[in-house]
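1. Test case, fold it:
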Amino acid sequence: MFDIERWQEIFETLSKNKLQTFLTMVSVFSGVLILIILIGFSTGIQNGVRSEFEQDATNRIAVRPGITTKEFKGLNPGRRIQMHNSDFEEINTKYEDDIEYKTGIYNIWGGQTTYGKESGNYRIEGAYPDQQFIENASMVAGRFLSQDDLKESRKIAVIGNQVKRDLFKNEDAIGETIKIFDINFKVVGVYTDPGGEREETRVFIPLPTAQKVFNGGDRIRSLAYTVNMSENFEEAVALSESLSENFETDLKAKYSVAPDDRSAFRVNNTLEEARKIYSLIDTISGVFWFIGLGTIIAGVVGVGNIMLIVVKERTKEIGVRKALGALPSSIIGMILQEAIFITSIAGFTGLFFGVIALNIASPFIDSAFIKFPRVDFVTSISIVLIIIFAGALAGYFPARRAANIKPIEALRDE
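-> Numbering: from 1, shown residues only. Down below sits the predicted model:
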């Protein structure tokens, strides 16, 4: 039941302690404001990192050959390792139960590509159909590479959206013929990539075709795989790490490379990298929470202090109330109501301004690793409810002290 006299009493009491009340509310307000902003930026960092990982499959393993740096079995350092189709086939056969998607890649950097009077230099990649899923590419028009394209070594091309805009402008590219180093290729598809323009300046052609027309023989520049994902993230990471080590070990044994030579093969495991980065994000988020909660605790302590002041100043009044028959529960309720009122007003005000600040700042933040900083509704309300509960807890002890005041002692208080 709404008691207007109780509220008039609360406002009168707080007005007698204007400075203490104001400073306490500022402490709670700033604590909530800081925590909301920090959590918002923590979410922004998570969004940014996720968008970076979305450029390729998160569970990707890439293998690239390099140059040996150590002598091994009578072979001098400085050998450039060259992988072949057989390497791809052997790994596929040995680990097929753990592999989701796979492709060998034979790429040409700066491939001169022309259509009519338009031309440009793009990365040309001979690949398998699975490359679409490894690269997280989505088709805008037409189709991606097929097994029949590989079997027949067809001269067909799947171009990135940026290549399409450069060469074809607003024209339809499907079915048209482009020239790559003056060799005709029929465009069968246009793809888009979450990595943006940089990833869309590529042209995919069947791997056997690339090896034939660019004198690649049976050579492969790199290998790319995705592993079968488990529902348990740690199990998936463990499998990915195991496969990465096995790929490297097998290739080193085949090409007589020292086991501790880290330059002969570069194996990049995005799932392992994802775990490291997400672990770092969790740490950053924890630090943000620690800072924000520390500020809030300072405000809550202030609530407890001002309630102690209120109890001290109203000792006689409380004694009179008890002498007239006021129950301890009513005394406790009166003090708690004041504490909850202070923390509620300051908490919701801090929440409001924190959300407003994030909404204003969000459009101006253009960073690869911070995107759309915001706080979800459930988290926001949960923070305020926790603050209110903490404020009530801070007010409970002074309220309990007030309830235990003996009327005769209170009436003697000066």
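2. Secondary structure element holding the one residue sitting closest to the centre of the chain?
-> Closest residue to the average C-alpha location of the chain: Q46 at 2.4 Å, with CA atoms, centre = their mean. Assigned by DSSP states H and E, Q46 belongs to helix 18-53.
3. buried sites along that helix?
-> Buried residues in helix 18-53, counting neighbours by 16 or more other CB atoms under 10 Å, are found at 21, 24-25, 27-49, 51-53. C-beta coordinates here come from the backbone N, C-alpha and C atoms, glycine included.
4. what about the helices in the stretch 151-300 of the chain?
-> All helices of the stretch 151-300 of the chain, identified by DSSP state H, counting those that start in this stretch, fall at 161-168, 207-213, 233-254, 270-313.
5. Just give me the lowest mean pLDDT stretch among those.
-> The minimum mean pLDDT among the helices of the stretch 151-300 of the chain belongs to helix 270-313 (a mean of 70).
6. Residues contacting the next helix or strand after the helix holding Q46, please?
-> Note on helix 18-53: by DSSP H and E, the next helix or strand toward the C-terminus is strand 60-65. Where contact means CB atoms under 8 Å, 6 or more residues apart in numbering, the residues beyond strand 60-65 that reach it are 80-83, 134, 221-227, 240, 243-244, 247-248, 251, 264-271.
7. please redo it, this time with the cut-off set to 7 Å
-> 81-83, 134, 222-227, 240, 243-244, 247, 265-270 (CB atoms under 7 Å, 6 or more residues apart in numbering).
8. what mean pLDDT does it have?
-> pLDDT averaged over strand 60-65 gives 91.
9. hey, C-alpha coordinates of that strand in PDB?
-> C-alpha atoms of strand 60-65 as PDB (Å, rounded to 0.1, in the frame of the first residue of the first chain):
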ATOM      1  CA  ARG A  60      40.200 -24.300 -40.400                       C
ATOM      2  CA  ILE A  61      43.700 -25.800 -40.600                       C
ATOM      3  CA  ALA A  62      45.900 -24.400 -43.300                       C
ATOM      4  CA  VAL A  63      49.200 -25.900 -44.300                       C
ATOM      5  CA  ARG A  64      51.900 -24.000 -46.300                       C
ATOM      6  CA  PRO A  65      55.400 -25.100 -47.200                       C
END
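10. Can you give me the buried ones in that strand?
-> For strand 60-65, burial by neighbour count (16+ other CB under 10 Å) applies to R60, I61, A62, V63, P65.
11. Give me the pLDDT value at M334.
-> 73.
12. mind checking how far the helix holding Q46 is from the chain centre?
-> 18 Å (CA atoms, centre = their mean, to the nearest Å).
13. what sits against I81?
-> P65, G66, T68, Y255, A264, F265.
14. Show me what the longest strand seen in the chain is packed against.
-> Counting residues, the longest strand found in the chain (DSSP state E) is strand 99-115. For strand 99-115, the elements it packs on are helix 85-94, strand 118-127, helix 131-134, helix 161-168, strand 177-180, helix 207-213, strand 219-220, strand 222-227, judged by 3 or more CB pairs under 7 Å, 6 or more residues apart in numbering; DSSP states H and E.
15. contacting residues around it?
-> For strand 99-115, using CB under 7 Å, 6+ apart, the contacting residues are 85, 88, 92, 119-128, 130-131, 133-134, 167-168, 176, 178-181, 203, 207, 210-211, 214, 216, 219-228.
16. What is the burial count for N92?
-> 14 (other CB atoms under 10 Å).
17. coming back round to it: how about TSV for the helices of the stretch 151-300 of the chain, with mean neighbour count and distance to F11 added?
-> Shown next, in TSV, are the helices of the stretch 151-300 of the chain (neighbours: other CB atoms under 10 Å; distance: least, CB to CB, whole Å):
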stretch	mean neighbour count	distance to F11
helix 161-168	20	63
helix 207-213	20	78
helix 233-254	16	53
helix 270-313	17	13
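18. Could you tell me which residues make contact with Q82?
-> Applying CB under 7 Å, 6+ apart, the residues contacting Q82 are P65, R219.
19. Residue numbering should commence at 56 henceforth.
-> Renumbered: residue one is now 56, and that last one reads Q137.
20. Would you mind measuring from it to I122?
-> Distance of Q137 to I122, given as CB to CB, to the nearest Å: 11 Å.
21. Please apply the same query to R274.
-> R274 is 16 Å from I122, by CB to CB.
22. swap in T264?
-> T264 is 28 Å from I122, by CB to CB.
23. can you check S82 too?
-> For S82, the distance to I122 - CB to CB - is 61 Å.
24. now swap in D152 and tell me
-> 33 Å.
25. Please apply the same query to F240.
-> 32 Å.
26. between those two, who's got more neighbours?
-> The residue with more neighbours, out of F240 and I122, is F240; 22 against 12, by other CB under 10 Å.
27. so what's I116 bridging to?
-> Under the criterion DSSP bridges, I116 forms beta bridges with Y280, N324.
28. Give me the buried positions along stretch 268-284.
-> Residues V268, F269, G271, I275, R276, S277, L278, A279, Y280, T281, V282, M284 are the ones in stretch 268-284 that count as buried (16+ other CB under 10 Å).
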